[in-house]
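> Predicted coordinates and the sequence they were generated for:
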Amino acid sequence: MFWMSLEFSLNQRPKAGQPSIAEVAWSSGSADEALLALPSVVPEKIRREAQRLVRPWSEGRYTDAYRRSGGILNVFTPPWGEEQDEVWAEMVAAWKAQTFPNEQARHKAFRALEQQWNTTPHPFFAGLTPAQVMVGGGPQEAELADEFLRHLTRMCDGRPFASEGEALIKTLMLLRGWQCQPRKDGRTVPDIIVSERNELLARRARAAE
């Protein structure tokens with residue numbers, strides 16, 4: 001929960017018109033410069049984690065997405081990594097099955113494959129793309145996360161569970177049910193989250209220009 005909140009805070013603009021810590025990092029290319037905005041009282045452990053989150057992204061496949069929270073949609077998802085990534089494995093298998101005229105063409109196709117993975121909705125990320133996971137959530141998702149945690153507390157407060165496994169299953173069921181409920185504007189929680197993360201990706205692209 002804490003690391004998810006940290007991702008949200010890095011995308012939070014202190015005041016209207018002022019850049020977030022993440023935007024400073026995107027525009028300057030320097031995590032150290034971005035973290036100058038952090039108060040001196042922030043513990044070193046948190047400072048190091050924030051530095052990891054805002055460091056420049058890989059030019060190839062965004063494998064750091066495996067180590068991001070994925071926000072509220074993924075907060076209760078069990079840990080997983082490249083070894084369990086069937087989507088990437090299938091992509092690589094299809095690439096290997098192709099015939100290329102030379103090694104340069106082979107490498108070019110692989111680089112394109114990495115970019116395709118970066119922008120492909122992934123079931124292990126609750127339908128988010130790796131790029132959307134990398135950019136983190138914003139203020140709207142932070143509010144949604146608080147809303148769900150309050151909902152979870154109301155539904156489960158004082159309720160006994162036979163095991164941790166049962167508690168996790170019930171929590172996931174509550175999360176999936178809650179996120180599917182349309183809001184007043186007709187959008188669901190994933191709609192709102194994807195829209196906000198896409199806007200953050202657009203901000204990142206503008207900041208890097």
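All right, it came through fine. Residues are numbered from 1 along each chain as shown.
> separation between the residue nearest to the spatial centre of the chain and T119?
What sits nearest the mean C-alpha location of the chain, by CA atoms, centre = their mean, is V133, with 2.2 Å. Distance, V133 to T119, by CB to CB, to the nearest Å: 11 Å. Quick note: C-beta positions are derived from backbone N, CA and C, even for glycine.
> Over to R204?
The separation that R204 has from T119, given CB to CB, amounts to 14 Å.
> do C180 as well
Distance from C180 to T119, counting by CB to CB: 24 Å.
> show me where pLDDT drops low in this structure?
For the chain, the stretches with pLDDT under 70 are 158, 161-162.
> Try it again at 50.
Judged against pLDDT under 50, the chain has no low-scoring part.
> circling back: in terms of packing, which of R204 and T119 has more residues around it?
Neighbour count, other CB atoms under 10 Å: between R204 and T119, R204 has more, with 19 against 12.
> And for the more buried one, nearest residue in space, chain neighbours not counted?
Spatial nearest neighbour of R204, chain neighbours left out: W26 (4.8 Å); criterion: CB to CB, 6 or more residues apart in numbering.
> wait, what's in contact with the one you found?
R203, R204, A207, A208 (CB atoms under 8 Å, 6 or more residues apart in numbering).
> tell me the secondary structure for it?
Secondary structure, DSSP: H, G, I helix; E, B strand; the rest coil: W26 is helix.
> Would you check how far apart it and S58 are?
W26 sits 14 Å away from S58, going by CB to CB.
> who's sitting farthest from the centroid in this structure?
Ranking residues of the chain by C-alpha distance from their mean position (CA atoms, centre = their mean) puts P101 at the top, at 37.2 Å.
> Quick check: the gap between that residue and K108.
Noted for P101: a distance of 11 Å to K108, by CB to CB.
> Chain neighbours aside, what residue packs nearest to F100?
R106 (4.1 Å).
> Render the CA-only coordinates of stretch 61-75 in PDB, please.
Only the C-alpha atoms of stretch 61-75 are listed here, as PDB (Å, rounded to 0.1, in the frame of the first residue of the first chain):
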ATOM      1  CA  ARG A  61      11.400  -3.300 -22.800                       C
ATOM      2  CA  TYR A  62      10.100  -1.700 -19.600                       C
ATOM      3  CA  THR A  63      11.000  -4.700 -17.400                       C
ATOM      4  CA  ASP A  64      10.900  -2.300 -14.400                       C
ATOM      5  CA  ALA A  65       7.100  -2.600 -14.700                       C
ATOM      6  CA  TYR A  66       7.400  -6.000 -13.000                       C
ATOM      7  CA  ARG A  67       8.600  -4.200  -9.900                       C
ATOM      8  CA  ARG A  68       6.000  -1.400  -9.800                       C
ATOM      9  CA  SER A  69       2.900  -1.500  -7.700                       C
ATOM     10  CA  GLY A  70       0.500  -1.300 -10.700                       C
ATOM     11  CA  GLY A  71      -1.800   0.900  -8.600                       C
ATOM     12  CA  ILE A  72      -5.100   0.000  -6.900                       C
ATOM     13  CA  LEU A  73      -6.100  -2.500  -9.700                       C
ATOM     14  CA  ASN A  74      -3.100  -4.600  -8.900                       C
ATOM     15  CA  VAL A  75      -2.600  -4.000  -5.200                       C
END
